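Trainee: just the structure for this:
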Amino acid sequence: MKKVCFILLCAFIMTFASASTAYGDMGPKPSVVIDFTGLEGRTYYVTLLSETKTTGPYSAIKESGQYDYRYKKGDKDYDIFLKFAGYNDKDGFYFLQFFQDCTLTHQFSWTYYPPNVFKILIYFPDTDSFITSGVSERYAFDSYFTARVSGSEITLEKSYDYTDEIISLIIRIVLTIGAEVGIALLFGFRERRQIHFIMLVNVITQVMLNLALNIINYLSGEMAFIAFYFLLEILVFVIEAILYNLYLKRYGGRTIPKWKPGLYAFAGNAVSYLLGIGLSYWVPGIF
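Mentor: Got it, this is the predicted structure:
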């Protein structure tokens, strides 16, 4: 058991190190992405006004002067920046000096520490006018919205793609169960009742594992996903090892060595863990 724990610890360290190399900034990075409709053919800039004066590296302009500006004269869109900087919100929300030209994309993305509670503010340079939304807030680690603009009204709706999440969840579960059944055959567990039992156990544990990971990723993001993936996979390994030791001998006779069910549980879960990590890098959209 000590060797098993050592191997799992090594796998976790390697996974964490590879994540560091791939992503550089290890901290979680929540985001807000808003798609706009109703503004086709118009030139417009978008920001999110914040309930608080700062979030991550972004902060409101201090009253003491221009030295606090993130933009300086000569920068692209400096004049637009000054327009946002001069806007006074009736509810006291703050401009945090981040904005985007959404004329061509019709999408606004704040992908690094957006405000949690916010209002959308749109500026139209052709009419030198603003429109603003009501108060909204992030509902997930990566929050997706659709903003429908009609006249001076902005209607904001959540638009998280649950369909893709469900499809990717099903794909992960099917691939994992297929891999573990294949390993079971390599370990000599070929009796029909053994395979049926292994499949049943894996369906239950993998559904529970993947649902838990989806919820963690939805609420807390990628780094929490990686950390909990490792911990939950250990829990699944322990549960499966106990069940296999109790039942595989019953279905396969007394000739099965005592160590075999536990080793199979470790091998199957190690492969499924590495498969899951590999899929997250090779096919990012699957997580």
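Trainee: was I right about residue 75 contacting residue 81?
Mentor: Yes. Counting by C-beta atoms under 8 Å, residue 75 touches residue 81, with 7.4 Å between them. The way it works is simple: take the backbone N, C-alpha and C, and place the C-beta from them, glycine included.
Trainee: the two: which is more packed in?
Mentor: Neighbours per residue (other C-beta atoms under 10 Å) separate residue 75 from residue 81, with residue 81 holding more: 23 against 11.
Trainee: which residues sit in contact with the closest residue to the more buried one other than its chain neighbours?
Mentor: Closest residue in space to residue 81, ignoring its immediate chain neighbours: residue 71 at 4.2 Å, by C-beta to C-beta, 6 or more residues apart in numbering. Applying C-beta atoms under 8 Å, 6 or more residues apart in numbering, one finds that residue 71 lies in contact with 77-78, 81, 97.
Trainee: now the strands: where do they sit in the stretch 101-250 of the chain?
Mentor: 107-110, 117-124, 129-132, 136-137, 142-150, 153-158 (DSSP state E, counting those that start in this stretch).
Trainee: how about these in a markdown table, adding mean pLDDT and mean neighbour count?
Mentor: Converted to a markdown table, the strands of the stretch 101-250 of the chain look like this (pLDDT from 0 to 100; neighbours: other C-beta atoms under 10 Å):
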| stretch | mean pLDDT | mean neighbour count |
| --- | --- | --- |
| strand 107-110 | 97 | 19 |
| strand 117-124 | 98 | 20 |
| strand 129-132 | 98 | 15 |
| strand 136-137 | 94 | 16 |
| strand 142-150 | 95 | 17 |
| strand 153-158 | 96 | 14 |
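Trainee: what would these look like in CSV with distance to residue 169?
Mentor: Formatted as CSV, these follow (distance: least, C-beta to C-beta, whole Å):
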stretch, distance to residue 169
strand 107-110, 25
strand 117-124, 30
strand 129-132, 37
strand 136-137, 26
strand 142-150, 16
strand 153-158, 19
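Trainee: tell me the bridge partners for residue 36.
Mentor: Note on residue 36: beta-bridge partners residue 147, judged by DSSP bridges.
Trainee: now do the same contact list for it.
Mentor: Residue 36 neighbours (C-beta under 8 Å, 6+ apart): 46, 102, 106-108, 146-147, 149.
Trainee: same check on residue 62?
Mentor: By C-beta under 8 Å, 6+ apart, residue 62 lies in contact with residue 68.
Trainee: now name the helix or strand holding the residue nearest to residue 180 when sequence neighbours are not counted.
Mentor: Nearest residue to residue 180, sequence neighbours excluded (C-beta to C-beta, 6+ apart): residue 268, at 4.1 Å. In this assignment (DSSP states H and E), residue 268 forms part of helix 259-282.
Trainee: which helices and strands does that helix pack with?
Mentor: Using 3 or more C-beta pairs under 8 Å, 6 or more residues apart in numbering; DSSP states H and E, the elements in contact with helix 259-282 are helix 2-23, helix 162-186, helix 222-252.
Trainee: next one: that helix to chain centre, how far?
Mentor: From the chain centre to the centre of helix 259-282 is a distance of 22 Å (C-alpha atoms, centre = their mean, to the nearest Å).
Trainee: same question, stretch 139-156
Mentor: With C-alpha atoms, centre = their mean, you get 20 Å for stretch 139-156.
Trainee: how about stretch 108-126?
Mentor: Centre-to-centre, stretch 108-126 and its host chain are 20 Å apart (C-alpha atoms, centre = their mean).
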